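Participant: Dropping a prediction and its sequence here:
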Amino acid sequence: MRRFIFQLEAVLRHRETIENLREQDYSMAQGQLLAAEARIAELRREFRDTIAGRPGTVSGQKFDAPAILDRERYLESLLAGIEQQERRAETARIVAAEMLKALVAARQAREAVTSLKEKEKAAYVSLSLKQEQDTMDEMATLRYTRVTEQQKAA
């Protein structure tokens, strides 16, 4: 019997490629989300540190109006940066969720063809075993017939 050939092998390879691409897209989206969240944490840390350095929090520090104004402007820019990064993070979450949906769909499509291949291969193996058994049965029958005929002739 000839070797097993899956007729939809090209389709399976294509779906595996699509799944790999979706995995890469999802990983990139997750990376962008993690980067945005890391930047938010960094900005919040900087905000807390700047708040902690305000006059009055450290004893013995002189009152310096221009420094206070600069610090408050910097705090406002940090808050604006945090808000901007939070919007980016939310966008990244949405994109990551969509990429995950696409990955799941690609994985299901690949698994459907893989399942079909496994079923066809199991049927092929079963048929091969049946043909092998039939051949062995045929050989045993022929041998029995030949031995029986030789015993009758003798």
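Facilitator: Received, thanks. Numbers count the residues shown, from 1 in each chain.

Participant: now the spatially most central residue of the chain: how far from residue 47?
Facilitator: The residue lying closest to the centre of the chain (Cα atoms, centre = their mean) is residue 23, at 4.1 Å. According to Cβ to Cβ, to the nearest Å, residue 23 and residue 47 sit 36 Å apart. The way it works is simple: take the backbone N, C-alpha and C, and place the C-beta from them, glycine included.

Participant: How many neighbouring residues does residue 107 have?
Facilitator: By other Cβ atoms under 10 Å, the residues close to residue 107 number 16.

Participant: what helix or strand does it sit in?
Facilitator: helix 65-153 (DSSP states H and E).

Participant: In terms of secondary structure, what does the helix or strand containing residue 14 contact?
Facilitator: When elements are assigned from DSSP H and E, residue 14 belongs to helix 9-52. Here helix 9-52 is seen to pack against helix 65-153 when contacts are counted using 3 or more Cβ pairs under 8 Å, 6 or more residues apart in numbering; DSSP states H and E.

Participant: from memory residue 74 sits against residue 50, does it?
Facilitator: Yes. Residue 74 is in contact with residue 50 according to Cβ atoms under 8 Å; the separation is 6.3 Å.

Participant: tell me the contacts of the nearest residue to residue 107 once chain neighbours are set aside?
Facilitator: Spatial nearest neighbour of residue 107, chain neighbours left out: residue 19 (5.6 Å); criterion: Cβ to Cβ, 6 or more residues apart in numbering. The contact partners of residue 19, taken as Cβ atoms under 8 Å, 6 or more residues apart in numbering, are 103, 106, 107, 109, 110.

Participant: Could you do residue 12 as well?
Facilitator: So residue 12 contacts 6, 110, 113, 114, 117 (Cβ under 8 Å, 6+ apart).

Participant: What of residue 88?
Facilitator: Each residue near residue 88 by Cβ under 8 Å, 6+ apart is listed here: residue 36.
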